[in-house]
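>>> Mind folding the following:
(one chain, ligands or ions: 1)
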Amino acid sequence: MDILITGGAGYIGSHLADRLLADGHSVVVLDDLSTGRFENIAHHQGNPRFAWVQGDVRDAPLVARLVERCDVVFHLAAVVGVGHVVRDPLRCVQVNVGGTEAVLAAAFAHRRRVLFASSSEVYGKSDRVPFREEDDRILGATRIPRWAYAVSKALDEHLCFAYADRGLEVSVVRYFNSYGPRMDGRGYGSVVARFISQALKGEPLTVYGDGQQTRCFTYVSDTVEGTVRAATRTEALGQAFNIGSDREVAVRDLAEMIRTLTGSSSPIVQVPYEEVFGRQFEEAVRRRPSIDKARRLLGFEPAVPLEEGLKHTIRWFERNLTAETQRAQKG
Ligand code: UDP
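Numbering: from 1, shown residues only. The predicted structure is shown next:
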């Protein structure tokens, strides 16, 4: 198949590109490199089944041209990461909603199948774990910028289902805290990336709040597997799926695990939320999916235990931090 991946130079998108190329498909990546990185896809340069375009997913004529040439669109391009969202909620809403509308309108016009990457964030601060796909969602006030992301992704899901009602072939996956090689250690993307790079540099591991908040960390190969299944199975049409691990881990325990696995002597420190995000912040305290639906309809089963996934990720960060340090020294 000819496949378009928006956001394909990003952390999940580039792993998806690797997988689809390995399966024999042709892949075109659209990415504006705002958080994606050319290095994530550079190893495919020269592959005749691979091409990439630098551009904005809101550029409707560009998106329409690329969609027309493909069979399936994986739409991952978005402003993601609580830090990015809190810093610039306007860009989050504009890119996430404008980009998705551009992709869906083009796919509808050309009758192409779409996989939309949504987020566990849509469940908001609901404490009724495990979260099921049809559950109510509980979001905070609109004055709190964090919720802009959840609202943008939920609105995107509404767009998907509204187009589905008109005949578009579309499926939605809600990712639960994906982690793995190529995450951005500098920043806002993921607590796993932050803790690993802090541990490897000998810096304190910064646990926000009391660290009792939980997440279900999902290794990227499992994230990709769920994504591919949802994009290709007939049973997935018009459906949303939780894609992730269902092992709930407290952030404090994650910090301990990473410190042990890296052999680091970094201290673990607690940082109040307001020091990081300012006064107007709310946390999602517990987050755990029910993956019954993905199991039943997609045969999805997370396969990589947290310790093993963390070891792979740590190894990648060790190599990458060395390369980055060498580049910085040369430069
Ligand atoms: N977190 C933390 N220290 C950090 C970064 C994040 O304790 O340096 C916490 C954050 O408050 C949240 C969890 O780790 O409870 C996961 O954060 P992340 O940004 O990875 O994703 P989220 O699930 O919040 O979207």
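
>>> Please tell me how far residue 34 sits from residue 53.
For residue 34, the distance to residue 53 equals 14 Å [C-beta to C-beta, to the nearest Å]. The C-beta positions use only the backbone N, C-alpha and C, and glycine is treated the same way.

>>> Which stretches in the protein count as strands?
Secondary structure of the chain (DSSP state E): strands at 2-6, 26-31, 50-54, 72-75, 113-119, 170-175, 178-179, 205-208, 214-215, 218-219, 240-243, 249-250, 268-271.

>>> Check which residues of the first one are buried.
The reference is to strand 2-6. By neighbour count on 16 or more other C-beta atoms under 10 Å, the buried set for strand 2-6 is 3, 4, 5, 6.

>>> Contacts only, for the third one.
Remark: with contacts taken as C-beta atoms under 8 Å, 6 or more residues apart in numbering, residue 5 is in contact with 13, 16, 17, 20, 27, 28, 29, 30, 73, 74, 76.

>>> again, 10 Å this time
Contact partners of residue 5, counting by C-beta atoms under 10 Å, 6 or more residues apart in numbering, are 12-14, 16-17, 20, 27-31, 41, 52, 70, 72-77, 115, 117.

>>> swap in the last one?
For residue 6, the contact set (C-beta under 10 Å, 6+ apart) comprises 13, 28-32, 53, 55, 57, 63, 66-67, 73-78, 99-100, 102-103, 117.

>>> likewise the second one?
For residue 4, the set of contacting residues under the criterion of C-beta under 10 Å, 6+ apart consists of 26-30, 51, 53, 63, 66-75, 103, 106-107, 112, 114.

>>> From the residues you listed, list the buried ones, please.
For the contacts of residue 4, buried by 16+ other C-beta under 10 Å: 26-30, 51, 53, 63, 66-67, 70, 72-75, 103, 106-107, 112, 114.

>>> What is the neighbour count of the closest residue to residue 9 other than its chain neighbours?
Computed as C-beta to C-beta, 6 or more residues apart in numbering, the closest residue to residue 9 that is not its neighbour in sequence is residue 36, at 3.3 Å. Using other C-beta atoms under 10 Å, residue 36 has 25 neighbouring residues.

>>> One more: residue 64?
For residue 64, the tally of surrounding residues (other C-beta under 10 Å) stands at 16.

>>> any idea how far it lies from residue 183?
In terms of C-beta to C-beta, residue 64 sits 31 Å off from residue 183.

>>> next one: residue 113
Residue 113 sits 28 Å away from residue 183 when distances are taken as C-beta to C-beta.

>>> Settle it for me: which of these two has more neighbours?
Ranked by neighbour count (other C-beta under 10 Å), residue 113 and residue 183 place residue 183 first, with 26 against 19.

>>> Please name the nearest non-neighbouring residue to that one.
residue 193 (3.8 Å).

>>> so who does the closest residue to residue 57 other than its chain neighbours touch?
Using C-beta to C-beta, 6+ apart and skipping the chain neighbours, the partner closest in space to residue 57 is residue 99 (3.5 Å). By C-beta under 10 Å, 6+ apart, the residues touching residue 99 are 6-7, 30, 32, 56-60, 63, 75-79, 152, 156.

>>> Residue 170 contacts residue 118, doesn't it?
No: using C-beta atoms under 10 Å, residue 170 makes no contact with residue 118, being 11.3 Å away.

>>> And the pLDDT at residue 328?
With respect to pLDDT, residue 328 scores 58.

>>> Apologies, that question was intended for residue 41.
The model reports residue 41 with a pLDDT of 98.

>>> again, but for residue 85
Listed pLDDT for residue 85 reads 89.

>>> Likewise for residue 321?
In this prediction, residue 321 carries a pLDDT score of 81.

>>> Tell me how many other residues surround it.
Residue 321 has 15 neighbours, counted by other C-beta under 10 Å.

>>> where are the low-confidence patches of the stretch 101-250 of the chain?
187-188 (pLDDT under 70).

>>> Near the ligand, which residues of it are found?
In this structure, the stretch 101-250 of the chain approaches the ligand at residues 121, 177, 190, 191, 194, 206, 207, 208, 213, 215, judged by C-beta under 6 Å from any ligand atom.

>>> Of those residues, which is the nearest to residue 272?
Each of those was scored against residue 272 by C-beta to C-beta, and residue 208 proved nearest at 7.8 Å.

>>> Pretty sure the closest one sits against residue 215.
No: using C-beta under 10 Å, residue 208 makes no contact with residue 215, being 11.9 Å away.

>>> Which one of these two is surrounded by more residues?
A count of neighbours by other C-beta under 10 Å puts residue 215 above the other of residue 208 and residue 215, at 24 against 19.

>>> wait, isn't the more buried one in contact with residue 129?
No: in this structure residue 215 lies outside contact range of residue 129 using C-beta under 10 Å: 11.2 Å.
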